[in-house]
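J.: I would like to see how this sequence folds:
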Amino acid sequence: MKAMRLTAIRAMEMANVADPAIVRPTDVLVRMTRVGVCGSDIHYYTDGRIGSQVVQYPFAVGHEGAGVVEAVGPAVTHVKPGDHVAIEPAMPCGVCDQCRAGRPNTCRTLTFLGCPGQAEGCLSEFIVMPESSCLPLAACVGDDLGALSEPLAIGVYAVRQSGPVRGLRVGVLGSGPIGLSVTLAAREAGAAAVYATDLVDARLAAARKAGADWSGNPRACDVVAEVAKREPLMLDVVFECCGQQETVDQAIELLKPGGVLSLIGIPTVDRISISIDVARRREIRIQNVRRQAHCAERTLEMLAKRSLRPEFMVTHRFPFARTAEAFDLVAGLRDGVIKAMIDFPA
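T.: Next up, the predicted model:
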């Protein structure tokens, strides 16, 4: 089969690799139909690493996927050949202390698609996944939304982890796919107001489509001052979705005493600092978000019920053979890109 693999910094090539095989009784062979390009994929493309996770070339990334079941192992019961499925990229062990405590996202031996040293990604014609990672798609959902359900589930999980947001004032710093997922999820959960930022004006427009009451570009305005005009008591929860020192600083200033700072963005540096004087005096709670737990199925249900409507996030499409063009587009944040989707030939 063909797989698109990273071969060096900002370089990838189509390669012929061995077909994946069903080995375990609960394995499922999936023919890929869609893969969304994620910001973490771009980190590996442009930097060759995220923190301690370093690419050993050649390597296929990609973890936001949907496809069609081609074959199943003898113990598989909830999917069958011909079913369209969303791919849950996390493969926890199920037996460690974290898994037993209901925290599969921090599994001690977690294997994740497209993560160096763990598992090759889904930028290939076929993949084999455990049955637990193959989530059936309702006919009304479709493969695009199936692929989008992975970042959406992170937004749903982040909102859940911050505590109930119904009636609260919320900030979302960074309106890429994860920030937009948070905005959609916060609105669905009943947030009274959402304030969004980004450095790309097209993404500010997308934030308003997602339900933001106000959106602003930090290069064009003083975000803290603008929000303070509208919310003199400041915000209850701020979701930092950029992984940047500047937005962490803004988040601390935007929060009211007793507020929650939710850290979702993946920094390219090893350390981020906070103003401990402000954070301590306001007794700000800091919540880190590690992917998602127990929210994938819930997200698919919300998509089926149309309580989440993220279709606007797919702004660009590329055939599988032109995946490198999609990565260059997303890496450069060109042409108003939000989510580039890779389409596989039928």
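J.: how about the strands of the stretch 201-346 of the chain, start to end?
T.: 214-216, 235-240, 255-263, 285-288, 314-319, 339-343 (DSSP state E, counting those that start in this stretch).
J.: make TSV out of these and add mean pLDDT and mean neighbour count.
T.: Quick note: C-beta positions are derived from backbone N, CA and C, even for glycine. Shown next, in TSV, are the strands of the stretch 201-346 of the chain (pLDDT from 0 to 100; neighbours: other Cβ atoms under 10 Å):
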stretch	mean pLDDT	mean neighbour count
strand 214-216	98	20
strand 235-240	98	27
strand 255-263	98	19
strand 285-288	97	13
strand 314-319	98	16
strand 339-343	98	22
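J.: columns distance to Ser133 on top of these, output as JSON lines?
T.: Output for those, formatted as JSON lines (distance: least, Cβ to Cβ, whole Å):
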{"stretch": "strand 214-216", "distance to Ser133": "35"}
{"stretch": "strand 235-240", "distance to Ser133": "26"}
{"stretch": "strand 255-263", "distance to Ser133": "26"}
{"stretch": "strand 285-288", "distance to Ser133": "24"}
{"stretch": "strand 314-319", "distance to Ser133": "22"}
{"stretch": "strand 339-343", "distance to Ser133": "19"}
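J.: so for Asp270, what's the pLDDT?
T.: If you check Asp270, the pLDDT there is 85.
J.: can you check which helix is longest in the protein?
T.: helix 142-161 (DSSP state H).
J.: return the list of helices and strands in contact with that helix.
T.: Helix 142-161 sits against strand 27-36, strand 64-72, strand 84-87, helix 177-188, helix 296-305, strand 339-343, with contacts defined as 3 or more Cβ pairs under 8 Å, 6 or more residues apart in numbering; DSSP states H and E.
J.: next, the angle from that helix to strand 64-72.
T.: 120 degrees (axes from the mean of the first three to the mean of the last three Cα atoms, to 10 degrees).
J.: ok, the residue most central in space within the chain - contacts?
T.: Centroid check for the chain by Cα atoms, centre = their mean gives Pro151 as the closest residue, at 2.9 Å. Counting by Cβ atoms under 8 Å, 6 or more residues apart in numbering, Pro151 makes contact with Gly36, Cys38, Glu64, Pro177, Ile178, Ser181.
J.: and Val68, by the same measure?
T.: Val30, Arg31, Thr33, Gly82, Asp83, His84, Val85.
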